[in-house]
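*Asks:* Need coordinates for the following:
(2 chains)
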Number of protein chains: 2
Amino acid sequence: MSQTVTDIHQHVLSLAEGARRGARALAQTPTEAKNRALEDLAQRLTNSRELLQEANRKDLGAGRAKGLSAAMLDRLELTESVIQSMADGVLAIVGLPDPVGEVMAEWVRPNGITISKVRVPIGVILFIYESRPNVTVDAFALCMKSGNAVILRGGSEAFHSNQALLRLIRESLAACGLSEDGVQMVATTDRAAVGELLRRHEHIDLVIPRGGYELVRRVTEESQIPVVKHFEGVCHTYVDATADLEMAQEVCFNAKVQRPGVCNAMETMLVHEAVAEKFLPAIGQRLREAGVELRGCERTRAILADIKPATEEDWRTEYLDLILSIKVVDSLEEAIEHIENYGSHHSDAIVTLDEEAADRFAREVDSAAVFVNCSIRLHDGGVFGFGAEVGISTDRVHARGPMALPELTIYKYIVHGTGQLRE
Amino acid sequence: MSQTVTDIHQHVLSLAEGARRGARALAQTPTEAKNRALEDLAQRLTNSRELLQEANRKDLGAGRAKGLSAAMLDRLELTESVIQSMADGVLAIVGLPDPVGEVMAEWVRPNGITISKVRVPIGVILFIYESRPNVTVDAFALCMKSGNAVILRGGSEAFHSNQALLRLIRESLAACGLSEDGVQMVATTDRAAVGELLRRHEHIDLVIPRGGYELVRRVTEESQIPVVKHFEGVCHTYVDATADLEMAQEVCFNAKVQRPGVCNAMETMLVHEAVAEKFLPAIGQRLREAGVELRGCERTRAILADIKPATEEDWRTEYLDLILSIKVVDSLEEAIEHIENYGSHHSDAIVTLDEEAADRFAREVDSAAVFVNCSIRLHDGGVFGFGAEVGISTDRVHARGPMALPELTIYKYIVHGTGQLRE
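*Replies:* Prediction:
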């Protein structure tokens, strides 16, 4: 699994050059051929359960020996149902429209030239991710469908599982007459390989890190290649003075409890003072019954007497857990200020019957997605209708919010003329 | 002009924090207010010629003392006509539509939520550029109109000119009741300030370097913030077997001679062997009469006997000068291969009457803009109908080709519901 530094340099160079060749071929591959390879892969995944689980057992054994937590071992395990859902995920991508070749706009200029803006693949995408081996298949399938070559660098804990998945992917490509260059995997767990890759801007066009805060931060700091980040979510729901309080209770409960460990779960609830005394006891009780630890500002604690105080640190914290900070605010303005100062511009909601307040909130809260009278947990490529997604981008260039197939493309201009010159 | 390192850290922090405040205000500023400030600036530029030229004389004097070339001094000088064209440029931007607030798409999902994708400013843009002081006004006006705050870092040679222009910009903002936070300028020529800025990813959302190869390379390597690059152009025109040779001559001559010092000028001409003997003597004579030095492959030199041989290095070189390398190719495929191997994916053209060849060239040549039967010099935001442009992006994420006002924006999703939850 580990190699000398000289080898790593050569290994990375050969991956990167291979991916560049693969990208050229894939950009010209017709939709049907890409879909055939993906269908073949789905079948092969289902048929290769034994083989995958055998490789997976090596990783699980090593993980146990290293003392990985039960949660990590759980994420690492390729159960029958995880394998089936990988195969289903690949088939879902087959069903999505191919973004490549779409004419986004076309117009004629006064000098008679016709300009078309046409979607093309980005080129070579480096995917860096952590323990779940299913990301290997996911990332490959999304890149394949959008005509991009991909270099995969999974977590060291899933090394054998990922290599086994790579073999199946390559078998599918070969079976369908496509070049295997389009998918490359780092064959060492040495961190130095990542550093080398992040400097190869002549061969790699985009880096997508998918994992915890530290991984994303490190990649961003080291990379000389554009990065689309999928960072943390410090997300809010604001219950306005005119909110339908029954709706507010459902929306807040869903945002906190439905799946607390994800980036678009609610971490802070803001409540207008006009409804705090009525709203807080009911939602407080329901949340506590669901096992949520509540932490509140002074005014919250005057209503919910037995909860812990929320500190300055709480307002900035992504708990990813059954913990909620609560603040009573004087006004819509104070709610917006709080969100802009402490939030992470990911997903934020208002519950209100006042249209003017809703519009102002939607305009002034600068988040990837702003929700009016619904749960922030709806911030998702599937819910939005995009099919599969790479993740939710917290960046402000290229793609923001759910990153799906079109967000894995760029465009080129094709200009037709009859001899036009620059004057 | 220079400060201690401690001061630089503080200075950069205060610029960056100021710009972030400015961005929040600007994102909410109505189109009319932005246009009023720009109109005021255009007026103020025209009225302040004396003052600007006085500051400019300091830079010119220092430049002469430092031994700057005549070409550099020329780029640095604020003549009456340069000042007027700055003012005209600002007014042209007033006339362009405001991209902010545009609803790019809107749809309803099966669960009843309505999703709008709305254009918003990127936020804070760091502009790093070289000697021309007119970029100061240009960059400010484009960022202002698209609702972005801007941090300007111009070349040290133009320090006094840029400071004088900044004073006018701030006067216009103040006169129109807008916050001056939206425009910040680095007040030191110390390079350390750039390094500090390129690490402030929490305050700056995008870096646009505009200048020579070295500047762009250095910024790309150092930056922890997304960069949109405007890199070199090694651009081709391919004259196919079926080309209208009169059209080909006009298109090639224009591509090489109309303005040789820019990124979308032709550096290499490829000619199909079937027309080489007929085409090369005529275009060769015309180019030489215009002062162009020709360098050719073996087969070119068999036709144009008295020209220098082109080396491997020539095929990779952006001359930015009256020099042209010429290669005779066997086929369309060989032309495409040459362009993909040696070109910079900027602007490439084919001249042909064969529609199939044109389509294949347009599909397989992976350049920001591909031209059929017209000059690559048409690759320009103005010619394309975008109005003013920041430059031509050679990147493959966010924006490719001419980068105009919409390319200085991103989007957010606004979701309206009636209590919808995540199941």
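*Asks:* make it CA atoms for all contacts and neighbour counts henceforth
*Replies:* OK.
*Asks:* From chain B, how far off is residue A:215?
*Replies:* Relative to chain B, residue A:215 is positioned 14 Å away (Cα to the nearest Cα, to the nearest Å).
*Asks:* so what's that residue up against?
*Replies:* Residue A:215 makes contact with residue A:209, according to Cα atoms under 8 Å, 6 or more residues apart in numbering or on different chains.
*Asks:* name the element it belongs to?
*Replies:* helix A:213-222 (DSSP states H and E).
*Asks:* Please state the offset of the longest strand seen in chain A from the chain centre?
*Replies:* When chain A is scanned for its longest strand (criterion: DSSP state E), the result is strand A:409-420. With Cα atoms, centre = their mean, to the nearest Å as the basis, strand A:409-420 stands 33 Å off its chain's centre.
*Asks:* For it, give me every contacting residue.
*Replies:* A:99-100, A:111-122, A:146, B:247-248, B:250-251, B:362, B:366-375, B:396-401.
*Asks:* and residue A:42, how many neighbours does it have?
*Replies:* 26 (other Cα atoms under 10 Å in any protein chain shown).
*Asks:* Pretty sure residue A:94 is one of the things it touches, is it not?
*Replies:* No - with contact defined as Cα atoms under 8 Å, residue A:42 does not reach residue A:94; the gap is 9.9 Å.
*Asks:* what does the stretch 101-250 of chain A put close to chain B?
*Replies:* A:109, A:115, A:122-123, A:205-206, A:220-227, A:247-248, A:250 (Cα under 8 Å from any Cα of the partner chain).
*Asks:* Selecting buried members of the contacts of strand A:409-420 in ChimeraX, what would you type?
*Replies:* Burial among these is assessed by 16 or more other Cα atoms under 10 Å in any protein chain shown; the matching ChimeraX selection reads:
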select /A:99,100,113,114,115,116,117,118,119,120,121,122,146 /B:247,248,250,251,362,366,367,368,369,370,371,372,373,374,375,396,397,398,399,400,401
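*Asks:* circling back: measure how far the helix holding residue A:215 is from the centre of its chain, please.
*Replies:* Counting by Cα atoms, centre = their mean, helix A:213-222 is centred 15 Å from the centre of its parent chain.
*Asks:* Export the helix or strand just after that helix to PDB, keeping only CA atoms.
*Replies:* Sequence-wise, the next helix or strand downstream of helix A:213-222 (DSSP H and E) is strand A:235-239. Extracted C-alpha coordinates of strand A:235-239, given in PDB (Å, rounded to 0.1, in the frame of the first residue of the first chain):
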ATOM      1  CA  CYS A 235     -28.300  26.800   9.700                       C
ATOM      2  CA  HIS A 236     -31.200  28.700  11.200                       C
ATOM      3  CA  THR A 237     -35.000  28.800  11.300                       C
ATOM      4  CA  TYR A 238     -36.600  32.100  12.300                       C
ATOM      5  CA  VAL A 239     -40.100  32.000  13.700                       C
END
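*Asks:* for the record, mean pLDDT for strand A:235-239?
*Replies:* Mean pLDDT, strand A:235-239: 98.
*Asks:* contacting residues around that strand?
*Replies:* A:248, A:252, A:264-272, A:335, A:339, A:343-352, A:376.
*Asks:* Tell me if I'm right that residue A:205 and residue A:148 touch.
*Replies:* No - in this structure, residue A:205 is not within contact of residue A:148 by Cα under 8 Å, at 10.0 Å.
*Asks:* okay, and the common contacts of the two?
*Replies:* In contact with both residue A:205 and residue A:148: A:122, A:123, A:124, A:125, using Cα under 8 Å, 6+ apart.
*Asks:* Assumed residue A:345 was part of a strand.
*Replies:* No - counting by DSSP: H, G, I helix; E, B strand; the rest coil, one finds residue A:345 to be coil, located in no strand.
*Asks:* quick one: the closest residue to it other than its chain neighbours from residue B:400, how far?
*Replies:* In this structure, residue A:345 finds its nearest non-sequential neighbour in residue A:367, 3.9 Å apart by Cα to Cα, 6 or more residues apart in numbering or on different chains. Distance, residue A:367 to residue B:400, using Cα to Cα, to the nearest Å: 25 Å.
*Asks:* Could you list every helix and strand in contact with the helix or strand hosting residue A:254?
*Replies:* Assigned by DSSP H and E, residue A:254 belongs to helix A:245-257. Packing contacts for helix A:245-257, counted by 3 or more Cα pairs under 8 Å, 6 or more residues apart in numbering or on different chains; DSSP states H and E, involve strand A:266-272, helix A:273-289, strand A:369-374, strand B:409-420.
*Asks:* Throw these into a markdown table and include distance to residue B:314 and mean pLDDT, thanks.
*Replies:* A markdown table is the format used below for these (distance: least, Cα to Cα, whole Å; pLDDT from 0 to 100):
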| stretch | distance to residue B:314 | mean pLDDT |
| --- | --- | --- |
| strand A:266-272 | 59 | 98 |
| helix A:273-289 | 70 | 98 |
| strand A:369-374 | 50 | 98 |
| strand B:409-420 | 38 | 98 |
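*Asks:* would you turn the ones you listed into CSV with distance to residue B:309?
*Replies:* Formatted as CSV, the entries for those read as follows, by distance: least, Cα to Cα, whole Å:
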stretch, distance to residue B:309
strand A:266-272, 68
helix A:273-289, 79
strand A:369-374, 59
strand B:409-420, 47
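*Asks:* closest to residue A:27 out of these?
*Replies:* Of all the helices and strands packed on helix A:245-257, strand B:409-420 sits nearest to residue A:27, with 25.7 Å by Cα to Cα.
*Asks:* The residue in chain A that chain B sits nearest to: what's its closest spatial neighbour, skipping adjacent residues?
*Replies:* Here chain A gets closest to chain B at one residue, residue A:398, 3.7 Å apart by Cα to the nearest Cα. Nearest residue to residue A:398, sequence neighbours excluded (Cα to Cα, 6+ apart): residue B:398, at 3.7 Å.
*Asks:* what's the one you found in contact with, if anything?
*Replies:* A:397, A:398, A:399, A:410, B:228, B:407.
*Asks:* With distance to residue A:131 as added columns, please give these in CSV.
*Replies:* Formatted as CSV, the contacts of residue B:398 follow (distance: Cα to Cα, whole Å):
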residue, distance to residue A:131
A:397, 27
A:398, 27
A:399, 25
A:410, 29
B:228, 32
B:407, 36
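*Asks:* Just give me the closest of these to residue A:320.
*Replies:* residue A:399 (23.9 Å).
*Asks:* What strand or helix carries the closest one?
*Replies:* Going by DSSP H and E, residue A:399 is not part of any helix or strand.
*Asks:* With residue A:328 instead?
*Replies:* Counting by DSSP H and E, residue A:328 is part of strand A:323-329.
*Asks:* Parallel or antiparallel, which strands does that strand pair with?
*Replies:* strand A:266-272 (parallel), strand A:293-296 (parallel) (DSSP bridges).
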